[in-house]
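K.L.:
Here is my input, please return the structure:
(chains A and B)
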Amino acid sequence: MQKPDADREAIIKLLEHGGVTESNVRQISEQTGVPEADIWGTGSFYHLIDSDEHHGPRARVCNGLTCRMFGADELAEQLQSEGRAVQRISCLGQCDLAPALLDEEMKLDTRAPHKTSVTPDDSDLPINLGGQRDLSYAMLAKAKQMDPAAVIEQIKVSGLQGRGGAGFPAHFKWSAVRQQAESERYMICNADEAEPGTFKDRETMLRRPHRMLEGLAIAATVIETNQIYIYIRGEYVNEYAALVQAVEDAAEPLAEFDIHIVQGHGAYICGEETALLESLEGKRGMPRLKPPYPIEYGFRGKPSLIHNVETIACVPAIIDRGGDWFRELGKTEAGAKLYCISGHIEKPGVYELPLGVTLDELVDAAGGYVGTPFAFSPGGASSGFLPIKFRDLPLDYRNLSEAGSMMGSSGVVVLNDTVDIVDAAAWQLEFFENESCGQCAPCRIGTQYLRRQVDKYIQIGDPATLEMTDDVGWEMEEGSICGLGMVAAKPLESAREHFPEAFKNRPAL
Amino acid sequence: MNQPNQNYPIVDTFTVEINGTTCNALPGETVFTVAKRHGIEIPTLCHDERLAPVGACRVCLVEVEGQRRMQPGCAWVVTPNMKITTESSRIEKHRTILYSMYMADHQLDDDGLPIPTHNNNELRDLCKTITPLQLESVEAPRDARPADDNPYIEFNPDLCILCARCTRYCDEVEAVNAITLANRGGETTIATAGQRSLIETSCELCGGCIDTCPTGALIEKKAPKDLVQLSTQTTRTTCNFCGVGCQMDLHVHNDRLVKITSPEPGETLNDGNLCIKGRFAYDFVHHEDRISEPLIRGEDGKLHPATWDEAIELTANRLLDVKQKHGADSLGFISSSRCTGEENYLMQKLSRAAFGTNNIHQCAAT
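P.N.:
Predicted coordinates for the structure are as follows:
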């Protein structure tokens, strides 16, 4: 039984040293008062924690879409042939530097010939990745002078939608948390960026950490808390260091806030906000049933405002220039947007552009296509694939949704005709299979089923292997608890819909 | 006058509509609870009313007016005038595909159905209600605990649906936390810390995990392997290992006791629970050394069968002899922890009133 004063929140961090072994788990149990089995079950959920299967120094090679397009499989084989232990990680968030790996010391090692490109310094951009460091925190001071309702009004006018993927209007959540009777509240930043194709929060944390911290401080002020938690994925080692440094540098303007930076331990699902909360509480990252929503029942069961890095980093500029200004930056929907782009284009990187640019406009900013493009994935694995004929479609929440895809995390990956769409779909299915938390049957069984059937199709080329995948995909979308399961069939469904020829017959391997 | 009784606060009841039928409901109740009370059955695998609902098996999804997605009946809290549908073409499609998916992740018999076990298999019952899709097995890599040499509880991962009733029971009802969900995705399994034998964990071997398991993935190791094919008779009795009075059902085949289970939760005072003794300690019943009648040692130094009257009379006379010779306080009476409160009372009455000594004790009263 868990002791009443057990320190459950500490256990995942403690497992970093020694991993999930009997003796280590026993020791942590004695230290924290959490039952051994609970520690074992929690630790074994997270793939960065040492286990029987993966332990000791090892190179972690990215298994994401772009990295596989650029030879991650060959890289892994090569490292193994050199006698190095290799663990494949679903996505390292370095798609612009594909193929990526973290070496045995968790240092980023990329083989790409280029560096990340970002939009050059332009003070008319809300996040402005190329901008100079600003430690004034003037917008925090300004927001403090304002009536909280007036701050929320500016957020509302700005039309700011959640940039993590859901696109939920931000101001709703701010108001809802403020309205809670409970005064113990939490401001939480979701920096668990792990969607294949996505690395915008990475660049924001590296280049503009103070925008993010200032946004968090403003939002925390509005919801009347001084407790700020930042949950950053464990693979983002440099970004973690950048945040720690930024918090130190801004110690004075942020003096009134308790800022906790919590590292994840290798689980994409912890980007789902309730799984993130579970993980913060020292549990397996399994999404909660909703309702209740985090605005009411969040971290430690208290009202919590959770925002993605990009969303919150837009806030200081909105306070500075006003909601109207921000809204007008958009082309088809409100605001500017960080678009990540990788794959077969000249200059992969993060571009801050009007929300609603087309693929062609985005690729223009990124130096043009490489080869003959034939498909793209507009918003991470969850958005599936679209054929290149959608190159003029505004990349926004509404248009992509109507096209049967989604804005998602706006991690755009361009595929030219050297890529086999069936392979690409199989890679994305493998991603979801590896990252399903396993809690609910539609997702746990469905992700395994789809991946196996596509693999089989690749092996024997018989379309009959895919006969039941539509039904299974339907149930995954209808029956899963959280968004992962709901979209996990998307890569296959969209590939079959838009590229039916590729799924009709195929030479057996 | 007419003041509300403070011990029973008045709660406003309200009505909801389930499949067009008006149902009374209380604040905080779930769709599942209200439906059940009104005779509307919603299938479920992961729900046990002793546990907090988790909505993980997805079997109980229903339609709630105004909700785009189907919602788990076990966890969805009703509000006044809520309209709920538990049977529709969408729900039927959902159940058909979901059950078929479970079958692709489950050990099947020759008929292609989830195999029956002597601890039932509710998934099998559900699958009989549909025409399943023929999905190839996913062969999920769920670990077993092959080295677990505990004598009572067996785990078969091929029958496990990861509903986590066992782990939640172990945590929420027993507060023992010996088992856990471990790993993730298709590798998720039920594990102990270090995959140790249950004996080497905090497990008390109460076997409650077996009782709550809906698919027979957890079964009694001691029961005959072919028990599912054997006809058994069930007898309700009271456990006599202690004075609590737990009710239990003895499963008997050919006059042999082959398994003991608890009555359903909510039926008896033990609420579906038994302890290690009640559930597993029945080997003595058929043991050759078991004494089944009073024995009196004769002049020849050997034990001879006797009637109860003879045995009691002998004992009473010998005790009275001792009292006469050495006084009442030379006697002492110790009753057993297996006695009920009433039996303990009678024992002290015997000691104090019949023999006249206060030397009375109960073995568990130290």
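K.L.:
I'd like to know which elements the lowest-mean-pLDDT helix or strand in chain A is packed against.
P.N.:
Every helix and strand of chain A was ranked by mean pLDDT, DSSP states H and E. The lowest is strand A:108-110, at a mean of 87. Other elements packing on strand A:108-110 under the criterion 3 or more Cβ pairs under 8 Å, 6 or more residues apart in numbering or on different chains; DSSP states H and E are strand A:100-102. The C-beta positions use only the backbone N, C-alpha and C, and glycine is treated the same way.
K.L.:
Partner strands of the strand it packs on and their direction?
P.N.:
strand A:59-62 (antiparallel), strand A:108-110 (antiparallel) (DSSP bridges).
K.L.:
confidence score at residue A:56?
P.N.:
pLDDT recorded at residue A:56 is 84.
K.L.:
I'd like the distance between it and residue A:81.
P.N.:
Distance, residue A:56 to residue A:81, by Cβ to Cβ, to the nearest Å: 18 Å.
K.L.:
Not counting sequence-adjacent ones, nearest residue to the residue in the stretch 51-200 of chain A that chain B sits nearest to?
P.N.:
The minimum distance from the stretch 51-200 of chain A to chain B, using Cβ to the nearest Cβ, falls at residue A:51 (8.5 Å). In this structure, residue A:51 finds its nearest non-sequential neighbour in residue A:20, 4.9 Å apart by Cβ to Cβ, 6 or more residues apart in numbering or on different chains.
K.L.:
need the contact list for residue A:308.
P.N.:
A:162-165, A:189-190, A:201 (Cβ atoms under 8 Å, 6 or more residues apart in numbering or on different chains).
K.L.:
And the furthest pair within those?
P.N.:
The distance between the two most remote of the contacts of residue A:308 (Cβ to Cβ) is 15.0 Å, for A:165 and A:189.
K.L.:
The two: which is more packed in?
P.N.:
Between residue A:165 and residue A:189, counting by other Cβ atoms under 10 Å in any protein chain shown, residue A:189 is the more crowded of the two (30 against 24).
K.L.:
Quick check: that one touching residue A:212?
P.N.:
Yes. Between residue A:189 and residue A:212 a contact is recorded at 6.9 Å, counting by Cβ atoms under 8 Å.
K.L.:
which residue does the stretch 351-500 of chain A bring closest to chain B?
P.N.:
Residue of the stretch 351-500 of chain A nearest chain B, by Cβ to the nearest Cβ: residue A:438 (3.4 Å).
K.L.:
what helix or strand is that residue on?
P.N.:
When elements are assigned from DSSP states H and E, residue A:438 belongs to no helix and no strand.
K.L.:
What residues does the stretch 101-250 of chain B have near chain A?
P.N.:
Residues of the stretch 101-250 of chain B lying close to chain A by Cβ under 8 Å from any Cβ of the partner chain are B:101-102, B:104-105, B:133-136, B:138-140, B:161-162, B:167, B:175-188, B:191-194, B:196, B:201-202.
K.L.:
If you go by neighbour count, which of these are buried?
P.N.:
For these, a burial check counting by 16 or more other Cβ atoms under 10 Å in any protein chain shown picks out B:101-102, B:104-105, B:133, B:135, B:138, B:140, B:161-162, B:167, B:176-188, B:191-194, B:196, B:201-202.
K.L.:
circling back to that earlier point, I'd say the residue of the stretch 51-200 of chain A closest to chain B and residue A:43 touch.
P.N.:
Yes. Here residue A:51 reaches residue A:43: they are 7.5 Å apart, a contact under Cβ under 8 Å.
K.L.:
Which neighbours do these two have in common?
P.N.:
A:19-20.
K.L.:
More neighbours: these two, which one.
P.N.:
Comparing residue A:51 with residue A:43 by other Cβ under 10 Å, the one with more neighbours is residue A:43, at 27 against 18.
K.L.:
Skip the chain neighbours and tell me the closest residue to the more buried one.
P.N.:
residue A:20 (3.9 Å).
K.L.:
The one you found: what's it in contact with?
P.N.:
Contacts of residue A:20 (Cβ under 8 Å, 6+ apart): A:40, A:43-44, A:49-52.
K.L.:
Buried ones among those residues?
P.N.:
A:40, A:43-44, A:49-51.
K.L.:
for chain B, longest helix please?
P.N.:
As assigned by DSSP state H, the longest helix anywhere in chain B is helix B:308-326.
K.L.:
I'd like to know which elements the following helix or strand past it is packed against.
P.N.:
Scanning forward in sequence from helix B:308-326 by DSSP H and E, the next helix or strand is strand B:333-335. In terms of contacts (3+ Cβ pairs under 8 Å, 6+ apart), strand B:333-335 is packed against helix B:341-349, strand B:360-362.
K.L.:
I'd like to know how many residues surround residue A:30.
P.N.:
Neighbour tally, residue A:30, other Cβ under 10 Å: 10.
K.L.:
right, is the helix or strand it falls within up against chain B?
P.N.:
Taking DSSP H and E as the definition, one finds residue A:30 inside helix A:22-32. Yes. Using Cβ under 8 Å from any Cβ, helix A:22-32 comes into contact with chain B via A:22, A:25-26, A:29.
K.L.:
Redo those as a markdown table? Include neighbour count, distance to residue A:296 and pLDDT.
P.N.:
What follows is the residues of helix A:22-32 next to chain B, written out as a markdown table (neighbours: other Cβ atoms under 10 Å in any protein chain shown; distance: Cβ to Cβ, whole Å; pLDDT from 0 to 100):
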| residue | neighbour count | distance to residue A:296 | pLDDT |
| --- | --- | --- | --- |
| A:22 | 14 | 40 | 93 |
| A:25 | 28 | 34 | 95 |
| A:26 | 15 | 37 | 96 |
| A:29 | 23 | 32 | 96 |
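K.L.:
Moving C-terminal from the least confident helix or strand of chain A, which element do we reach first?
P.N.:
strand A:117-118.
K.L.:
what about that next one, distance to the chain center?
P.N.:
What separates the centre of strand A:117-118 from the centre of its chain is 19 Å, taken as Cα atoms, centre = their mean, to the nearest Å.
K.L.:
and it, which strands flank it?
P.N.:
Here strand A:117-118 is paired, per DSSP bridges, with strand A:349-354 (parallel).
K.L.:
buried ones in the following helix or strand past the partner strand?
P.N.:
The helix or strand immediately downstream of strand A:349-354 is helix A:359-365, counting by DSSP H and E. Within helix A:359-365, the residues scored as buried using 16+ other Cβ under 10 Å are A:359, A:361-363, A:365.
K.L.:
just stretch A:61-81 next, same as before
P.N.:
A:61-70, A:72, A:75-76, A:79.
K.L.:
so residue B:63, which of the three states?
P.N.:
Classification of residue B:63 using DSSP: H, G, I helix; E, B strand; the rest coil returns strand.
K.L.:
Could you measure from the residue nearest to residue A:51 over to residue B:248?
P.N.:
When residue A:20 is compared with residue B:248 (using Cβ to Cβ), they lie 38 Å apart.
K.L.:
in the stretch 151-300 of chain A, which spans are strands?
P.N.:
Here the stretch 151-300 of chain A has its strands, by DSSP state E, counting those that start in this stretch, at A:186-191, A:227-232, A:258-263.
K.L.:
near chain B, which residues of the stretch 101-250 of chain A show up?
P.N.:
Residues of the stretch 101-250 of chain A lying near chain B (Cβ under 8 Å from any Cβ): none found.
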